[in-house]
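Visitor: structure for this input, please:
(2 chains)
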Amino acid sequence: MSLKRLITTLVAIGAIPTAALADPSSRIALIPGGPHPYFAAWEQAGADAAKEFNLGEAEYKVPQKWELGLQNQMLESLVTQGYNGFLIFPGDPVGTVAIANELADTGAPVIALAGCLKDPSDAQFCMGTDTGNSAYLGTKELLKELGSGAKIAHFTGFLVDPNTQLRIDAVERAAKEEGAEVIQVIADIDAPEPAEEKINAYLAAHASEVDGIITTAWVPAVVASSALRKIGDKRIKMVGIDHDEVVLQAIKDGFVHGTMLQNPYGQGYIGSYAADKLRTGCTVKADAPFKSNALTDKFIDSGTVFAGIDDVDNYVGSMQAITETLFATFESTYLDC
Amino acid sequence: MSTRFWESDWFGPFVITLAAIIVVGTLNPSFLSPFNIQVLLLAISVNALIAFSQMIIIAIGQMNLSVGAIGGLAAISFAGMMQVWGMPWPVAAGVALGIGLLAGLANGVLVAFTGISAFVITLASLSIYKGVNLGITEAQPFYEIPDIVKSLGNDTFIHPLPWLVIPCVLAAIGLWYLLNRLPLGRSILAVGGNEHASELSGISVRLVVIVAHAISGGLAALAGIMLVGRLQLGQPTIGDDWLILSFAAPVIGGAILSGGHVSVGGTLLGVIIVAIFTQVLVLFNIDPFLVQVVLGGLILWAVGVNRWREVRAQRRAGQVQI
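Guide: Numbers count the residues shown, from 1 in each chain, chains lettered A, B, ... in the order given. I've put the predicted structure just below:
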């Protein structure tokens, strides 16, 4: 049964209070692909957006596992509960298109957040980190420290994530431009146990052969920071990603050179604002200056910034600054209201 | 009748392990460096408990899909109790172990008294235990792990033997003794071999099922607690990818999935083989997109060997009847 038919049927038999559907206030749902610390900032972002923009609510709901089916079930459940705006990290860039289109058919604006849907889709746009650019800039920062001729290893995340290949390519490109060599890529380690096992095994065998490490996923960054601390090796320079406490502490203690901050708070905050605007009459500008990536031509970069030892104590300020910059011109740049 | 050692369950995996160590050690001498041996032993210590947790359920002819969820729940409980309530680590570890035992006990009671298959019950309990985990953590790790726990999870007592080897060895010896020397252990294997015949011979099948699930929960919890020490944080995702390993290692070690036959030594060797293969893929810079293929092939090989063993056992039984 299609989602639309399901809702129609439920409304017809009175299973959904029609008052909920008629409620003029926006009820925005922020749905990650599964449990992951990266998305935790969405909860506060939604709550802040709800308060500041007078939304009905902007709730963060986490599927129990990284399974497309579970995420789809949650989305169907939420629409029957009366949610009318959806910010979704696609469980699969192609597989999520169908459910996103069904949600859009009910009149709810759908925005792909932190990861994009493959075009064509009915999503209004995609807002997330330009992952390739973040990996590229992070590698450049690392090589600024190491110089040309350096040998680096790249630890990255889930292979099913289309961003992973973009990151691998971007690191290769930056290394080539700086005359460095990527001597190993270890992927599919965005879970703690395999990351711990593989990163430690790699360092046990090859620590003396590598000058630097670039990590482009949350868990590998955490595990590699701990591994470098454990072996006490400050010769190997590392640039991590995101703002986990373990990584930030390792930067302060000199085991990690810096980290590429992403902007999950800004994604949730501005995404909730945009979903409400789109639900209440605004439209996406036909000539909005979207960027393109491998999945979509309607991409908005939510920003990325390098934080080294001098910036690590004020990383929240750095993230807020990115959000403020993007938000200041968001409506005039992307929306017709 | 005594079994010749080359016909034992552990002999095949032992030869493969030995060959792998010699070949990999020759091609890449750093494989046998003390630090790498320490890294391998750390992985094996935890993974062996995960495999034992499933092995005891395979012994009664069932399966436990909630092994990872129980381990994850125990792990975040252990870390959470230390961080939020400031509980001393031995007390927190004891309570977390108790949570694992209770979770396993609940599985066992439901399977024994409802008659619903363990697959369905543990599928449901997986969801419940994982849900409780996420409800407590909201997908955020617990970071404040006492230094002594971090030290126990990573340091060695005699270089390169890590502290984590000790609970693993104790669990292996305990399980071997249980399954080979104690009436309860023989009952577990008997129930797995033929539940109906066991019942007719006076074994309380319900009690055996409940005890096996409680042991499984306890072992999974112990693995989770050890992982908190090893990772130095209480990650809510602990346990998410235990399922394949938990089945692969016992099967490589000669366990028959229909029950009644498992090998503690074989399972341990199965864990070692998986750990060595995982390392080899890293040491020899195998394309990351091929890693899953190689691991999948290893599991397929193990299942094939297992099936061949079953067929051979059936043929032998047929010959005896004739």
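Visitor: which strands or helices does the helix or strand where residue A:176 lies pack on?
Guide: Residue A:176 belongs to helix A:162-177 when assigned by DSSP states H and E. Contact partners of helix A:162-177 among helices and strands, from 3 or more Cβ pairs under 8 Å, 6 or more residues apart in numbering or on different chains; DSSP states H and E: helix A:131-146, strand A:151-155, strand A:181-186. For the C-beta atoms, the positions are set from N, CA and C on the backbone; glycine is no exception.
Visitor: 6 Å instead?
Guide: In this structure, helix A:162-177 packs against helix A:131-146, strand A:181-186, with contacts taken as 3 or more Cβ pairs under 6 Å, 6 or more residues apart in numbering or on different chains; DSSP states H and E.
Visitor: buried residues of it, list them for me.
Guide: Buried residues in helix A:162-177, defined by neighbour count with 16 or more other Cβ atoms under 10 Å in any protein chain shown: A:162, A:163, A:164, A:165, A:166, A:167, A:168, A:170, A:171, A:172, A:174, A:175.
Visitor: contact partners of it?
Guide: Under the criterion Cβ atoms under 6 Å, 6 or more residues apart in numbering or on different chains, residues A:93, A:131-132, A:135-136, A:139-140, A:154, A:156-157, A:182, A:185, A:214, A:216 lie in contact with helix A:162-177.
Visitor: so for the residue nearest to residue B:55 when sequence neighbours are not counted, what's the pLDDT?
Guide: Of all residues not flanking residue B:55 in the chain, residue B:250 sits nearest, at 4.2 Å (Cβ to Cβ, 6 or more residues apart in numbering or on different chains). With respect to pLDDT, residue B:250 scores 92.
Visitor: residue B:250 and residue B:64, how far apart?
Guide: 11 Å (Cβ to Cβ, to the nearest Å).
Visitor: again with residue B:57
Guide: Residue B:57 sits 4 Å away from residue B:64, going by Cβ to Cβ.
Visitor: burial count for residue B:197?
Guide: Neighbour count for residue B:197, taken as other Cβ atoms under 10 Å in any protein chain shown: 11.
Visitor: check the secondary structure at the closest residue to it other than its chain neighbours for me.
Guide: Distances taken as Cβ to Cβ, 6+ apart put residue B:190 closest to residue B:197, at 7.5 Å, once the chain neighbours are dropped. Each residue gets one of three states, and residue B:190 gets helix by DSSP: H, G, I helix; E, B strand; the rest coil.
Visitor: surely residue B:190 meets residue B:198?
Guide: Yes. Counting by Cβ atoms under 6 Å, residue B:190 does reach residue B:198; the two are 4.5 Å apart.
Visitor: below-threshold pLDDT in the stretch 1-150 of chain A: ranges please.
Guide: A:1-24 (pLDDT under 70).
Visitor: and with 50 instead?
Guide: The model of the stretch 1-150 of chain A has pLDDT under 50 over residues A:1-23.
Visitor: what segments of it are helices?
Guide: Using DSSP state H, counting those that start in this stretch, the helices of the stretch 1-150 of chain A run over residues A:3-12, A:18-22, A:40-52, A:68-80, A:97-105, A:131-146.
Visitor: how about the strands of the stretch 151-300 of chain A, start to end?
Guide: A:151-155, A:181-186, A:212-215, A:237-241, A:258-261, A:283-284, A:299-301 (DSSP state E, counting those that start in this stretch).
Visitor: quick one: which of those is nearest residue B:28?
Guide: Closest to residue B:28 of these is strand A:181-186 (Cβ to Cβ; 13.2 Å).
Visitor: who does that closest one pair up with?
Guide: With DSSP bridges as the test, strand A:181-186 is paired with strand A:151-155 (parallel).
Visitor: so which bits of chain B are right by chain A?
Guide: With Cβ under 6 Å from any Cβ of the partner chain as the criterion, chain B meets chain A at residues B:30, B:35-36, B:39, B:43, B:130-131, B:134, B:139-140, B:143, B:231-232, B:235-237, B:240-241, B:279, B:282-283, B:285, B:288.
Visitor: start to end distance for stretch B:195-214?
Guide: 19 Å (Cα to Cα, to the nearest Å).
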